[in-house]
Structure formats: structure tokens, C-alpha cells
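*Asks:* Would you be able to build a 3D model of this:
(one chain, ligands or ions: 1)
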Amino acid sequence: MTDRGMEYLGSADVDRALDGIDVVETAAEVLRLHAADLVRTPAKAFLQWPAEEGAARTLNMPSWLGRPEGPLVGTKIINGNPANARFGLRRAEGLILLFDPETGHVRTMMQAARISALRTAAVTAVAVEHLSAGPPRTLSVIGAGTLAEVHLEVLVPRLRELRRLVIHDHDPRRAEKLAAHAAGAWAGRSVDCSTASGAEEAVAGADVVVTLTTTDEGYIRYGWLKKGSVLVNVSLDDPLPEVFLAADALVVDEWGLITADRRRILGKLHRAGRIAEQGGQGAPALGEGRAVTAHLGEVVAGTRPARTHEHDIVLVNPIGMSAQDVALAAKVAQRAKPLGLGSVLPH
Ligand SMILES: NC(=O)c1ccc[n+]([C@@H]2O[C@H](COP(=O)([O-])OP(=O)(O)OC[C@H]3O[C@@H](n4cnc5c(N)ncnc54)[C@H](O)[C@@H]3O)[C@@H](O)[C@H]2O)c1
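*Replies:* Residues are numbered from 1 along each chain as shown. As a prediction, the model looks like this:
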């Protein structure tokens, strides 16, 4: 064992090394490992504190992946404040640290924002590809911030039958800006890019709905959703409880993280006895309730189906596994070496 110091990759290095990495396949690989019980991802450490504007927060999220070609271990620290957007600053940024699996020493440190956004969009793409009733023609995006832009970058090129993109943001200027950007980026495709002034209008008729807001209050009603659609609830609190209870299939990425989280609606519904873990019996004592249908990893691995009919409404609740960040960061670190990117910091 030698002490090689610690490699550091800044945002520009990360961007260059990401070029050529299949982020969606990387996300699927992690989900397959998760289905094989080869991912350890304990509860996120969350700290929030009052700032001059709103509240700032930090999340620390370690993970271990038991890959057949060798284990990966690391953590993502992601910090931010929803008020940042008002000052033209990114809502969130942070670092990913990769550890030596033998010594536990930090080997590599890199800027996390781009990797975090890409891996989130990649998980959405995997969910859409495995859970759509057919090739989606209408995509609805609610929330037009950083994650929305990255979702469009990852999703739109993969949705070959897409004809309509509808964007809603409670700040209409943000929705319009993103719609104009999308129209320019995919000018050669016959995709109609428009905005909707309300969430119900945005969701109506959509085959795929992705929530990318910062709300902590539900507003999406079950009756708004088209039969056969997929709702990927990335921002976690947008659907009302009725959507979690009535969806034909409820798919999660990591149930342990969802139940450990005290803030989000699905964990709250579980603690209230209304949603049971997968294989559970719902909440017969309350005369209502349901169980989780499947983990996304099981759907990807083909060991448990989630959609059984083309008219099923499927709700996906990806709380976000740092194993996704660690796996993508490891590929970035590997590609950075031959490209001569980054610098070595002394211990
Ligand atoms: N599940 C995951 O794995 C995961 C990973 C990363 C980020 N996220 C979540 O994704 C969300 C978006 O992140 P971002 O970096 O793009 O944030 P952002 O601040 O850049 O953008 C959020 C946008 O949502 C809009 N918005 C807020 N509330 C709204 C509402 N009720 N209706 C319509 N629009 C609304 C805002 O105006 C803003 O444009 C955050 O909630 C973040 O926590 C989830």
C-alpha cells in the first residue's frame, strides 16, 4: 500500500471526464447491484440551519457497492439553500469523496453538483424506460430549475417518439426560459415545447410527468393523471397522499432511506400506517392503505414486475441513493487519469 495523496477534480475536470460515460447505463448497473443486495446506503445525515435568507442545509450520504470487479466506497456531501436561486446562485453544490476500500483513506475528491444532477436524471430515464406503457409522446416537467434542465438533456434524446414537452413552474419566467432553451436544443426534432400556467394543465394528457420543484406541500391530484402514465416524483413531496394510495404501482429506489427520512410524504404515510413495505399487507386496521409494489432495481433486474396493464398509473419515488453518485464518480475518476485531469493534494 502506498500513500499517493488525494486527487482533486474541479467542475471543469468532472465535465470533461463525464463526456463519453453512459450515465443511464451506470444508474442501471447500480440498481441491478441494489437488487442483488450488494449496496449499503445508510440513512442520510441531515442538518438544517437558519440563514439570512430562508434555511441552508447539508446532507452527508455514504455508500458501499459490492461490485464483482472490486468494491467502491465513498460519500456525497451536498449543501444548499432554496433561496440561492433568488441571487442567481445554484440551489445546491457539494463534494463527492471516494475512499480506498482497504484503508478507508480519502483517495479522490470532486465537485458533486453535475454528477448529482446527472445521476438523478439517469435514474428517472431508467424508470421511464422500464415502466412506461409504450414509447412516451408527451412529457410534463414541473419545476424549471437546474434539475429540470439536466433531465431534459438526459431524457429528450432517449425519447424518440416524443412529440410534446410541457413545462410548468410557479415562476412563469423560468418555465418560459427552459421551454425556449428546449425548443432551440431540439429544433431538428418535431417536439412541441410549451409552458402551462398551472400544474393540472401541465399534467393533463402526459405519458410521463417528472416533478422537479422545491415544494414541501402536495398539490398533484390522482384524477389529473392520464391512464397508463408514469409519474417520477423526484422532488418527493408534490403528489398528494391520494396519489400514493391509488396508483396501480408504487416503485421506490431504497425503502430504508425513505422510512428513515422524517420530512418527506412517503415516509410519513408509512409511519401513519397507510403504506407498508413491499410484501406487506397495507394497513388493514385502517381499512385502507397499500404496500410498495417493487424496488426499481428489481424492475431493472427483471425479478419483480411493477406495471401489469397498459392503463396502470405508476408512481416512482426515487429518494436518491448516494451509491449512484459514488458509482458515477468512480467512472469519472477512472477517465480523468489518462486525460491528465485534476491535481494531487497533499495529505
Ligand atoms: N430524489 C433525488 O434523487 C433528488 C436529487 C437531487 C435533487 N432533488 C430535488 O430536485 C428538486 C429540484 O432541484 P433543483 O436543483 O432543480 O432546484 P431549483 O431551485 O434549481 O429549481 C426548482 C424550481 O422549482 C420551482 N418550484 C418550486 N416550487 C414549485 C411549485 N410548487 N410548483 C411549480 N414550480 C415550483 C422553482 O421556481 C424553481 O424554478 C429539489 O427539490 C431537490 O431536492 C431530488
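
*Asks:* For residue 42, give me its contacts.
*Replies:* Counting by Cβ atoms under 8 Å, 6 or more residues apart in numbering, residue 42 touches residue 62. Glycine gets a C-beta too; all of them are placed from N, C-alpha and C.

*Asks:* Grab the nearest non-local neighbour of residue 87.
*Replies:* Leaving aside its chain neighbours, residue 87 sits nearest to residue 53 (7.8 Å; criterion: Cβ to Cβ, 6 or more residues apart in numbering).

*Asks:* Wait, the one you found touches residue 83, no?
*Replies:* Yes. If you go by Cβ atoms under 8 Å, residue 53 and residue 83 touch, sitting 3.8 Å apart.

*Asks:* Compare these two (neighbour count), which wins?
*Replies:* Applying other Cβ atoms under 10 Å to residue 53 and residue 83 shows that residue 83 carries more neighbours, namely 16 against 12.

*Asks:* show me what contacts the more buried one?
*Replies:* 51, 53-54.

*Asks:* Secondary structure of it: a strand, I assume?
*Replies:* No. Counting by DSSP: H, G, I helix; E, B strand; the rest coil, one finds residue 83 to be helix, located in no strand.

*Asks:* Would you map the strands across the stretch 151-300 of the chain?
*Replies:* 164-168, 192-195, 208-211, 230-232, 249-252, 275-276, 290-291, 294-295 (DSSP state E, counting those that start in this stretch).

*Asks:* The fifth one and the ligand, any residue contact?
*Replies:* No. Residues of strand 249-252 are not located near the ligand by Cβ under 6 Å from any ligand atom, the shortest gap being 10.9 Å.

*Asks:* Against which helices or strands is that strand packed?
*Replies:* Secondary-structure packing of strand 249-252 (3 or more Cβ pairs under 8 Å, 6 or more residues apart in numbering; DSSP states H and E): helix 113-131, strand 294-295, helix 296-301, strand 314-317.

*Asks:* Likewise for the third one?
*Replies:* Packed against strand 208-211 by the contact rule (3+ Cβ pairs under 8 Å, 6+ apart) you find strand 138-142, helix 146-155, strand 230-232.

*Asks:* Dump it to CSV, restricted to CA.
*Replies:* In CSV, the C-alpha atoms belonging to strand 208-211 read as follows (Å, rounded to 0.1, in the frame of the first residue of the first chain):
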residue,chain,number,x,y,z
VAL,A,208,-44.6,10.9,-18.3
VAL,A,209,-44.7,13.5,-15.5
VAL,A,210,-41.5,14.5,-13.6
THR,A,211,-41.6,16.7,-10.5
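
*Asks:* can you list the strands of the stretch 151-300 of the chain in CSV and add distance to residue 156, mean neighbour count and mean pLDDT?
*Replies:* As requested, the strands of the stretch 151-300 of the chain are exported to CSV (distance: least, Cβ to Cβ, whole Å; neighbours: other Cβ atoms under 10 Å; pLDDT from 0 to 100):
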stretch, distance to residue 156, mean neighbour count, mean pLDDT
strand 164-168, 7, 23, 98
strand 192-195, 10, 18, 97
strand 208-211, 11, 26, 98
strand 230-232, 14, 28, 98
strand 249-252, 22, 24, 98
strand 275-276, 32, 22, 94
strand 290-291, 33, 17, 94
strand 294-295, 26, 21, 97
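
*Asks:* mind checking which of those strands is nearest residue 267?
*Replies:* strand 275-276 (9.1 Å; Cβ to Cβ).

*Asks:* Parallel or antiparallel, which strands does that closest one pair with?
*Replies:* Sheet pairing here is set by DSSP bridges, and for strand 275-276 it gives strand 290-291 (parallel).
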